[in-house]
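J.: Let me see the structure of the following:
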Amino acid sequence: MPTREARNVIDNDKVVLKDELETILPKTSIASIAVGYFFISGFAAILKALKQADKIRLLISNTTDEKTAEALIEGFKSIKDVHAEVQKKNLVNDKRKEQVLSDSKDNVKKSLEYMEQTTSDKTVVEELIELMKNKKIEVRVYPKEKLHAKAYLLEFKDTAYGIKGIGIVGSSNLSIAGISTSSELNLKTANDGDINQLLEWFDKRWEDGLLFTEKFNKILEKSWAGKTYSPHELFLKAAYQEEKERIERQHQIDPVFESTFPKLFPFQKKAVDHGLTMFELYGGVIIADVVGIGKTYVGTALLKYLQRDYRPLIISPPHLLEMWERFCAKYEIDAKFLSDGKLSQEKYSLYQDYKLTDRDLVLIDESHHFRNNNTRRYENLKHYMTAREAKAILLTATPFSNKPEDLKNQIMLFHTSDHTFIPPANEIGLNKFFQQVKDEGANLTDLLKNIMIRRTRRYILNTYGKTDETNPNRKYLLIENERKYFPERKMYTLSYDIDKVYAGQYEKIVNKLQKGQLTFARYSPGSYLKPEYADKPIYRDLKTTGPKLISLIRHLLLKRMESSQQSFRVSIEGFIRTHEIFLNLLKRGTVPIGDTAVKDMYEAATEPDFNLDDEEELRKIEKNMAESGDTKYKFDAFRIDDLTEKIQNDLGVFREIGYLVSKCTDKDDDKLHNLRKLLDKNSGKKVLVFSEFSSTIKYLYESVTTWKGKKERVYAELNNAMKAAQRFDPENNPRSSSDEKIPKSEQLSLVFSTDVLSEGVNLHAGQVVINYDFHWNPVRLIQRAGRIDRLGSKNEFVTIHNFLPDPKIEDDLNLTEKVGNKINEIQRVIGEDYKILTQDEVVNTDDLYAIYHDDPNDTDILDREDVNPLEPSENEKLLNEMMETNPGYWKKFKEIPDGIRSSSKNPSGKLILVCESGTEKTGKIKKHYEIDSKKHVKELTATQTLNLLKSDDDSIYPVPSNYDELLAVGWKKFNDDIQQKYARDIIGPKTPASQKYIVHRLMEISNKREFKNESKVINELIQAFRLPLLRDQTRELSKLKKNDSAEPDDSILIVVLKKMYVSYELSAQVKQTEQEIDRSRILYSRFLGKSDA
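T.: Purely as a prediction, here's the structure:
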């Protein structure tokens, strides 16, 4: 008897509940078990003993209420509130029953999904199914308040034991931890009176319980252990796992709140929903739909939704600020505004702008302006974003221009380090991932699809468009029952004779630009260094930068020559003046090298009243050079006589070119003549003429004199872009309500503009775009056409005219090939869907075009991918179609649990295994493996995996005998990979400096021999202090870090940190994080067939 008394307290230390149950259950007739949580792991631990009981009644508590009575008490609510909450739970109506059963089904599903899928696990599930079929086990769900006490009531088979049975009540849930390893407290009783009272308590709740056995059994039967799925079903499941965040709407916005949003097309609403999901997961999203389909409206809707939790700042090009201010006023968005041009100012620091210190969400319009991280503009914004840990919404139709780093730099704006949660870079960091992209070891679109929304017009029309009954070849989109159309785009090219443009002097001019004539010595002073200075550090760069600069300048001169007579004339005059100033400064003993010197000489050269012989003006340049540090190069370091001679030679050549150009007038200008003819043909239409250079724009504006309507010129110095847009298209660019409407007599029909008007402006009224010169960057050509080729245009078609370079100058410039290569790369990475240069381009049915070529029969350059990389994939389209056309099947499909298995008709010996770990908070990691019969593991990409799994075979095949064995190999590999990943990420990207200091100190201490006995304590402290801390906690750590001159002793530091650990109860946070990290699971697996492998 004393021994029995000693074992009545069950704490999983001296007495373990599992041992007690294994002893008692074989003697049991009826086992009545009431628990808050049911885990199959706990069931498995006592299965052998449990099977020996005659009958099992399992009562599971409803544990999914978000707000419990305890939460109310902890929140210092009144007893009345607590009572009301309990009463609410105890009112079991049909709605509550349905919710409780649904939640319980989800809990059981999750319990199965997180199993390791060992052979023994499979056996447990199979035996549990058998027990339910034989009605040996019955399960009910208690729908009222949570069962805090857990009860194991075991009635004996034979009265010979002298007692009715055994009752165990306390804290242990039916989980492996609850019955064996966790610190619990339970009390065992063998008193018949106690047993009767406990059974009465159980029976009362059993009667109130909702029948769950059949539902439980169905869940088991559909699980990985209860059923093998067909290859087709598994493929659909795999596709859904990769696409689910893009298929189903994640954000149900209240209709009243949504009515305050801008009017949105269905495709825009979907972008808002997907954009919010991306933003919430990764802290940023890139809205990159092609030009003309309303990114501004999507961005505005995102701000409207997010401003409830964030304080927005909008950064845009200067000419778009007025538009954003108008939008935010109309839709009641409390945003602040900043011109991206201000960020380029050396003396302006965004981080120190006290008016913007409270902003934590930044919308960046035309974010491609931040593709280069070596600019003051980028540096200014990046410092602010990092310091404020700000989130970002990036709007751009042209995110990619030259290289993948364009995109990386924009993505880095919403990262404080290269550590990221964005798959697949979440495993190795952004730097290593983009290096792999550069080395062709990774696919950039695998990352972009998680943070970028990009749809082409062709896709939108094919997916959302309706056929116009009056014109079967045209589609429209509906917005609140109003039809909106895209115009059809027509493309034409124009040619001209450049020899006529330059009055027969073209060959002479080009010959003088060649190396034999011009030395460009002014731009390569490093070639004129004295030997004793050549290898000194500050002079070394002068030797390498010169040749690159010379090539760029020669190219720029040819580019201006192609643009217009006037642009080339102004450039030559500038070269003459700057060379004259350079020589005068050399005479004064100054070598004008450096940014300040170049800037001042250029400004002086463009100043009509600048006097070359004015000593005071030259002294100003020298003074500015001295203040900026440009005088660091010694005059005596150069062979001045040689340098002077070569610059004088170049000055002579430029004067000769200037003389030849002076003979040219607009009467000779064949290109201008062709433009005039084209404008005459388009008289009465609204026309935009674009050039890269303001000098060309001035020339055209002054030279076109016969246009019958109002005309205007637009370039940066005039700061008139928005005013011109309002006069050109007042309907889509309304003035503020206080301004009078623009009368028709004052509206513009012809605008000559640089690219200041090529982005972000709505010019739906436009009918014709003329690209007067050939821009080296196709992004500009895309943006120019996008001003008029927009959703909602009232024009049935719009026309794009491109002046292509004369073959003579094209031989020197080689622009066509360069632009073609750029278009190829843009298409490969992000996709476009319309012609850019000529009507000969071919746009295929998969939304891709082939770049123009002089010979349309030459198809070598038409080597394109078959799918737009960032538009919905074929798998996403397949799932969307299933969801919309067969909702019944879709509902059943959604019930297929995670972890499922499949095989093939002729197994190949290779197993595909896909696993996932982590949460949205810690970041999810998904791995795709192929394990062969020799247990070699190969990692795959998601795309490779789906290609291998693709199947329409609906047959079900038995799994091979080595299935579990190969799966175990892959599962071990996954867990090893995850542990290594978390070991690398011991300190997160947003960890404050004080916290990093403490963690590094602890890691150093852990390696010291004298602290070997405290290794467990130190490791626990490391885990605790690497987690996100509250401001008060990091402030305490900062006090420790600030004492650099007298850092705390190792022992004292540990004592201080232990006190913080206890006082702030960090153990709970560590435990929660470990649980989140440990949430690894198998998503699906399949044995491939020989035809698959």
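J.: now the helices: where do they sit in the stretch 701-850 of the chain?
T.: Per DSSP state H, counting those that start in this stretch, the stretch 701-850 of the chain has helices spanning 721-728, 778-785, 807-813, 815-829. These are given in chain order.
J.: what mean pLDDT does the second one have?
T.: Regarding helix 778-785, the rounded mean pLDDT is 80.
J.: tell me which strands and helices that helix is in contact with?
T.: In this structure, helix 778-785 packs against strand 768-771, strand 797-803, helix 815-829, with contacts taken as 3 or more Cβ pairs under 8 Å, 6 or more residues apart in numbering; DSSP states H and E. Glycine gets a C-beta too; all of them are placed from N, C-alpha and C.
J.: Lowest mean pLDDT across these, which one is that?
T.: The stretch with the lowest average pLDDT out of these is helix 815-829, scoring a mean of 50.
J.: Now do the helices in the stretch 101-250 of the chain.
T.: Under DSSP H, counting those that start in this stretch, the stretch 101-250 of the chain gives helices at 119-133, 176, 192-208, 213-222, 231-247.
J.: Look up the closest residue to Ile40, ignoring the ones flanking it.
T.: In space, not counting the residues next to it along the chain, Ile40 is nearest to Ser111; the distance is 5.2 Å by Cβ to Cβ, 6 or more residues apart in numbering.
J.: Give the full set of residues in contact with the one you found.
T.: Ser111 sits next to Phe38, Phe39, Ile40, Ser41 when contact means Cβ atoms under 8 Å, 6 or more residues apart in numbering.
J.: same deal with Ser793?
T.: Counting by Cβ under 8 Å, 6+ apart, Ser793 has contacts Tyr485, Phe486, Pro487, His764.
J.: Return the member of those residues nearest to Ile931.
T.: Closest to Ile931 out of the contacts of Ser793 is Phe486 (49.2 Å), distances taken as Cβ to Cβ.
J.: lowest confidence element among the helices and strands of the chain?
T.: strand 849-850 (a mean of 27; mean pLDDT, DSSP states H and E).
J.: Give me the pLDDT for the most centrally placed residue in the chain.
T.: In the chain, the C-alpha nearest the mean C-alpha coordinate belongs to Ile451, at 2.3 Å (Cα atoms, centre = their mean). Each residue has a pLDDT score; the one for Ile451 is 94.
J.: That one contacts Ile422, correct?
T.: Yes. Here Ile451 reaches Ile422: they are 5.8 Å apart, a contact under Cβ atoms under 8 Å.
J.: Need the overlap of contacts for these two.
T.: Tyr282, Ile411.
J.: now the helix ranked longest in the chain and strand 797-803, what's the angle there?
T.: If each helix of the chain is counted by residues according to DSSP state H, the longest one is helix 537-563. In this structure, helix 537-563 runs at an angle of 120 degrees to strand 797-803, with axes from the mean of the first three to the mean of the last three Cα atoms, to 10 degrees as the basis.
J.: Taking helix 537-563 as reference, get the angle to the very next helix or strand once past helix 537-563.
T.: Sequence-wise, the next helix or strand downstream of helix 537-563 (DSSP states H and E) is helix 565-587. Between the direction of helix 565-587 and that of helix 537-563, the angle (the same axes, to 10 degrees) works out to 150 degrees.
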